[in-house]
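In: I would like the atomic coordinates for the input below:
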Amino acid sequence: MPVEKLVALSRDHRARFALVGLGVTGVHFVVLAALLPVVVPEAANALAFVVATQVNFAVSYSWTWASRRGPGRESARQLVRRLGLFNASALVAFAVNAGAFAAAHRLLDAPPLLSAVVATVLSAVVSFVVSSRLVFAQRTLAPAPGPVVQLPAAHGPVLELPVDAVDAQPSRAASTRSA
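Out: Have a look, this model is predicted:
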């Protein structure tokens, strides 16, 4: 595969999601395997899912969906909101995961690791849809009403602020007006 195709593939959210998903699935299975000797399979699966979910958020936020954040850093409030949405979506995915795991393991008598594979595939589909459309949705900001002052951003496009917002920041407004 040519390097250009690999680079293009690495920028695709689906490819990144799949790669992170494989890594996080590895985390899930390692934790699951470590816990199986000491707790019932359903509890081991639940704890493994929780650990994997937190690792998943960290990697998804910083790499998989990073391009969907605007220029600059998100505030702590925005990060906490996104983490809350991610964990809420993980609960939905976990419900799918737990139901599929229990059905495969208890109803179909599949071994715990095979049951986890089936459950992971089903919950991954749910997780991608929710992450893509809600947690890390591409957001466009509505244009600012009234006249706009353009401020160059350190990394990325020019930042446009309504004149009222710039006037509220005297040091920036003064340097913008003199330019």
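In: could you use CA atoms for every contact and neighbour count after this?
Out: Noted.
In: next one: the strand or helix carrying residue 90 to chain centre, how far?
Out: Residue 90 is part of helix 76-102 when elements are defined by DSSP states H and E. In terms of C-alpha atoms, centre = their mean, to the nearest Å, the centre of helix 76-102 is found 10 Å from the chain centre.
In: in the helix or strand that comes right after that helix, what's buried?
Out: Next in sequence after helix 76-102, counting helices and strands by DSSP H and E, comes helix 112-130. Buried residues in helix 112-130, counted by 16 or more other C-alpha atoms under 10 Å: 112-113, 115-124, 126-128, 130.
In: which strands and helices lie in contact with the helix holding residue 90?
Out: The elements that helix 76-102 packs onto, with contact taken as 3 or more C-alpha pairs under 8 Å, 6 or more residues apart in numbering; DSSP states H and E, are helix 41-59, helix 112-130.
In: report the buried residues of it.
Out: Along helix 76-102, the positions that meet the burial threshold by neighbour count (16+ other C-alpha under 10 Å) are 82-83, 85-87, 89-94, 96-98, 100-102.
In: what angle sits between it and helix 41-59?
Out: In this structure, helix 76-102 runs at an angle of 150 degrees to helix 41-59, with axes from the mean of the first three to the mean of the last three C-alpha atoms, to 10 degrees as the basis.
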